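K.L.:
turn this into a model:
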Amino acid sequence: METVLESNILPTGKPKWLKVKLPIGKKYTELRGLVDKYQLNTICTSGSCPNMGECWGEGTATFMILGNTCTRSCGFCGVKTGRPETVDWDEPEKVARSIKIMNIKHAVVTSVDRDDLKDGGSIIWIETVKAIRRMNPTTTLETLIPDFQGIERNIDRIIEANPEVVSHNMETVRRLTREVRIQAKYDRSLEVLRYLKAQGIRRTKSGIMLGLGELEEEVIQTLHDLRDANVDVVTIGQYLQPSKKHLPVKEYITPDQFAKYEKIGLELGFRHVESGALVRSSYKAQKHIL
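P.N.:
Sure, this is the predicted structure:
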């Protein structure tokens with residue numbers, strides 16, 4: 001018998017609301033076949049996203065650029081840390097081709113942090129957006145970007161590319177930022193989001209994870225901070241530990257609590273709030289351009 005959490009006590013097993021149905025449907029099966037046949041690299045598959053079937057059914061998929069090794073060592077992230085490989089300048093065309101093969105209507109592009117590069121990887125970013133636009137003129141885009149160390153000339157390249165949505169995740173509350181996002185800064189992330197909006201990006205977006213030991217008032221304060229930075233869309237999901245080396249889950253947030261945060265977010269004036277245990281950054285991303 002599974003324990004349904006009604007308090008902050010961590011159960012021995014995951015609560016039932018974290019159970020995921022296997023993805024099904026004609027569109028999912030078709031895309032899965034294309035991914036396997038052409039060895040396409042999507043975060044959906046490599047990250048075992050619980051919403052893969054739903055998103056693919058909507059014609060949405062997420063792609064990661066600039067390799068699979070990050071220069072940062074965040075306590076929550078399953079991406080390996082170390083010295084990244086040389087930049088693959090053919091990557092923009094490869095991603096654009098994958099989107100065309102999969103007939104993706106709305107693509108989310110993200111990347112590892114590349115603090116080893118003078119441009120932070122921003123040149124590959126803009127070339128990727130250009131290649132996608134050229135090869136897939138009707139596909140809409142969300143770019144889920146790193147903070148580029150707050151360097152405006154690198155952020156400006158994203159602004160020049162002008163995707164429909166630009167997203168940058170806060171990931172956690174102020175108090176936990178140093179532990180969860182070791183090389184990142186809470187205020188720097190807010191400034192990146194504020195700058196994007198001030199420079200004319202139509203839709204800005206951010207996401208946070210819960211279950212790392214944050215307090216309710218800290219989550220609410222983070223929502224206030226994001227609205228003060230003129231962020232349009234926020235996603236709120238449950239943190240799940242990628243491995244024993246990563247930060248432990250300190251709490252499984254109940255569906256009622258997620259619903260409460262959604263209500264608060266909408267009252268604060270966010271255009272869209274996606275709040276639930278299985279919500280991830282790109283969940284229902286195709287709706288966030290509206």
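K.L.:
helix or strand right after the lowest-mean-pLDDT helix or strand in the chain?
P.N.:
Least confident helix or strand of the chain, by mean pLDDT, DSSP states H and E, is helix 43-46 with a mean of 67. Per DSSP states H and E, the first helix or strand lying C-terminal to helix 43-46 is helix 52-57.
K.L.:
quick one: strands adjacent to whichever helix or strand comes after that next one?
P.N.:
For helix 52-57, the following helix or strand on the C-terminal side (DSSP H and E) is strand 60-65. Strand 60-65 has its sheet partners listed here by DSSP bridges as strand 106-111 (parallel).
K.L.:
quick one: average confidence on the partner strand?
P.N.:
Mean per-residue pLDDT for strand 106-111: 93.
K.L.:
which residues are contacting it?
P.N.:
With C-beta atoms under 8 Å, 6 or more residues apart in numbering as the test, strand 106-111 has contacts from 43, 58-66, 95, 99, 121, 124-125, 128-129, 132, 136, 139-146, 167, 281-282, 285-286, 289. Just so you know, the C-beta spots here come from the backbone N, C-alpha and C atoms, and that holds for glycine as well.
K.L.:
of all the residues in stretch 119-131, which ones are buried?
P.N.:
By neighbour count on 16 or more other C-beta atoms under 10 Å, the buried set for stretch 119-131 is 119, 120, 121, 122, 123, 124, 125, 126, 127, 128, 129, 131.
K.L.:
show me what contacts the nearest residue in space to residue 266 that is not next to it in sequence?
P.N.:
Counting by C-beta to C-beta, 6 or more residues apart in numbering, residue 266 lies nearest to residue 273, which is 5.5 Å off, once chain neighbours are set aside. Neighbouring residues of residue 273 by C-beta under 8 Å, 6+ apart: 233, 234, 235, 236, 261, 262, 265, 266.
K.L.:
most surrounded residue in those?
P.N.:
residue 234 (28 neighbours; other C-beta atoms under 10 Å).
K.L.:
helix, strand, or coil at that residue?
P.N.:
Here residue 234 takes the strand state, with states given by DSSP: H, G, I helix; E, B strand; the rest coil.
K.L.:
what's the answer for residue 78, then?
P.N.:
Going by three-state DSSP: residue 78 is coil.
K.L.:
that one is in contact with residue 242, isn't it?
P.N.:
Yes - with contact defined as C-beta atoms under 8 Å, residue 78 counts as touching residue 242 (3.4 Å).
K.L.:
before we move on, the earlier item: and the buried residues of stretch 119-131, which is closest to residue 201?
P.N.:
residue 129 (12.8 Å; C-beta to C-beta).
K.L.:
so for that closest one, what's the pLDDT?
P.N.:
97.
K.L.:
the strand or helix carrying it: what's the following helix or strand?
P.N.:
Secondary structure assignment for residue 129, by DSSP H and E: helix 122-135. Following helix 122-135 in sequence order, the next helix or strand is strand 140-144 (DSSP H and E).
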